[in-house]
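Q: got a predicted structure here, sequence first:
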Amino acid sequence: MIACTRIRNRFASIAVAAVVIGGGVAAAQQTVPFRGNIPVAPQGITVEPVPDGPMEYHTAEGMDIRVVVVARGLSHPWGLAFLPGGDMLVTERTGQIRVIRNGVLDSQPVAGVPAVRAQGLSGLLDITLHPDFARNQFVYFTYHKPTGENGTSLTLARGIWNGRALTEVTDVFVAAGVGGASRVVFAPDGTLFMTTGGGDPQDPATLGGKVLRLNDDGTAPSDNPFAGQSNARPEVYSLGHRNSLGLAIHPGTGAVWQNENGPNGGDEINILKPGANYGWPLISYGRTYPGPWQSDKFWQEGFEQPVVFWVPSIAVSGMTFYTGDRLPKWKGDVFVGGLRTGEVPGTGHLERILFNENMEELRRESLLVDLRQRIRDVRQGPDDLLYVLTDADDGTLLRIEPAN
């Protein structure tokens, strides 16, 4: 025991000597350049265009898959909706909605989209169909509405799809001055959930950093958790969120699952509860971009814990549950997009998460890693296959299918 103690003490002395030299701290560390209090991302990985394919992969569960390019030439695609009959609508962050007909991308953008403030990460975002689309032909989408010279307001719009264009487009809900990403999804009861970023996530009287619950006309349901309270917005369903890029309905329970980006670490998936607080920025599993922890605790009474979190971050994005039969080894699994891992560009991928019957995480698998693409969204199609959007100047829509 004495000999072991001496060995440990010796290694401890070596470690201290390596870090503290002449009274300095971390003298062996490189000086990393910063821009705006954020480390400048390295650019050493070259990202090649997605191959024409098809590409085949072995997967962890013993199921071989094939990845097929459905469409190219999309400008930073963001969201995807499947129309009856097999056509698809794809949003481009730069301000266009594109339609894929019979597997071919129409060269002309869909008419009827309002003016969009496309700058930085702002622009045209998510898209979804009304649950009663067959009757009313309603299409909903979120976008950053230009306000003033350089301002934006995160907006939910609705239009009628006539088979070629959107008509009677109207803004049904405007979050004045709010920015950030926004996903939307309809719940089984017909209400619509919408995520917002920025703002004051801990203040229920504001709309930023929240998940909102709306009627299909943009009004607040009377049974929302803060309805009737003078110190809160009636649209707020949950609070304490950072930047939410994924939203999906659990196919069995009907619960709303949401994911959000942490800073340097601390990405998470949450199961939303009415009126619940998810902690940002007071608790987090992430570090600030310069290095220190975001908070001095990972847990605090009164805040909900995530069901999944990432350290380091994968810049988690779109999310879906797989419920089909054509990829049977993945049935019940959750899929999320990843834009980059550990703050390194060129490390995007698709991630699969397997849960047990209590929705407790069992294992994860990283997919499409060799493509090095920023995965912006993943959806299950009506054909029981998975569809993946890559976020690039020349973005692609990929389809994942059985290899045989």
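A: Received the coordinates, thanks.

Q: contacts and neighbour counts: CA atoms only from here.
A: Fine.

Q: can you name the next helix or strand after the helix or strand bottoming out on mean pLDDT in the chain?
A: For the chain, counting by mean pLDDT, DSSP states H and E, helix 2-19 ranks last in confidence among helices and strands (a mean of 42). Following helix 2-19 in sequence order, the next helix or strand is strand 34-35 (DSSP states H and E).

Q: paired strands for that next one, with orientation please.
A: Looking at strand 34-35 with DSSP bridges, its paired strands and their directions are strand 38-39 (antiparallel).

Q: show me what the next helix or strand after the strand it pairs with is packed against.
A: Tracing the chain past strand 38-39, the next element assigned as helix or strand by DSSP H and E is strand 55-57. Counting contacts by 3 or more C-alpha pairs under 8 Å, 6 or more residues apart in numbering; DSSP states H and E, strand 55-57 packs against strand 65-74.

Q: buried residues, the strand it packs on. List them.
A: Buried positions in strand 65-74, judged by neighbour count with 16 or more other C-alpha atoms under 10 Å: Ile65, Arg66, Val67, Val68, Val69, Val70, Ala71, Arg72, Leu74.

Q: which ones are touching the last one?
A: Just to be clear, that refers to Leu74. Glu92, Ala392, Asp393, Asp394, Gly395, Thr396 (C-alpha atoms under 8 Å, 6 or more residues apart in numbering).

Q: same thing with the fourth one?
A: If a contact means C-alpha under 8 Å, 6+ apart, then Val68 has Asp52, Gly53, Pro54, Met55, Leu398, Arg399, Ile400, Glu401 as its contacts.

Q: and stretch 361-379, end to end?
A: Terminal residues of stretch 361-379 are spaced 21 Å apart (C-alpha to C-alpha, to the nearest Å).

Q: tell me how far it lies from the chain's centre.
A: 12 Å (C-alpha atoms, centre = their mean, to the nearest Å).

Q: so what's the residue count around Gln29?
A: Residues lying near Gln29 (other C-alpha atoms under 10 Å) number 8.

Q: quick one: Ala134 is in a helix?
A: Yes: assessed with DSSP: H, G, I helix; E, B strand; the rest coil, Ala134 lies in a helix.

Q: mind pulling up the pLDDT for it?
A: pLDDT recorded at Ala134 is 98.

Q: now it: how far from Arg340?
A: Distance, Ala134 to Arg340, by C-alpha to C-alpha: 38 Å.

Q: what does Gln294 give?
A: Computed with C-alpha to C-alpha, the distance linking Gln294 and Arg340 is 20 Å.

Q: same question, Arg372
A: From Arg372 over to Arg340 (counting by C-alpha to C-alpha), the distance is 8 Å.

Q: ok, these two, which is more surrounded?
A: Using other C-alpha under 10 Å as the criterion, Arg372 and Arg340 rank with Arg372 on top: 23 against 20.

Q: touching, the more buried one and Val344? I think so.
A: No: look at Arg372 against Val344 with C-alpha atoms under 8 Å: they stay out of range, at 10.7 Å.

Q: shared neighbours of Arg372 and Arg340, anything?
A: By the contact definition C-alpha under 8 Å, 6+ apart, Arg372 and Arg340 are jointly contacted by Gly346, Thr347, Gly348, His349.

Q: neighbours of the last one, how many?
A: As a burial measure, the neighbour count of His349 was computed by other C-alpha under 10 Å and equals 26.

Q: repeat for the first one
A: Counted with other C-alpha under 10 Å, the neighbours of Gly346 add up to 22.

Q: what's the closest non-adjacent residue to Thr288?
A: What sits nearest to Thr288 in space, not counting adjacent residues and going by C-alpha to C-alpha, 6 or more residues apart in numbering, is Gln294, at 5.1 Å.

Q: what residues are up against the nearest residue to Asp87 once chain neighbours are set aside?
A: Counting by C-alpha to C-alpha, 6+ apart, Asp87 lies nearest to Arg101, which is 4.9 Å off, once chain neighbours are set aside. Residues in contact with Arg101, defined by C-alpha under 8 Å, 6+ apart, are Gly86, Asp87, Met88.

Q: adding neighbour count and distance to Gln258, write those out as TSV.
A: Formatted as TSV, the contacts of Arg101 follow (neighbours: other C-alpha atoms under 10 Å; distance: C-alpha to C-alpha, whole Å):
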residue	neighbour count	distance to Gln258
Gly86	13	27
Asp87	16	27
Met88	19	24
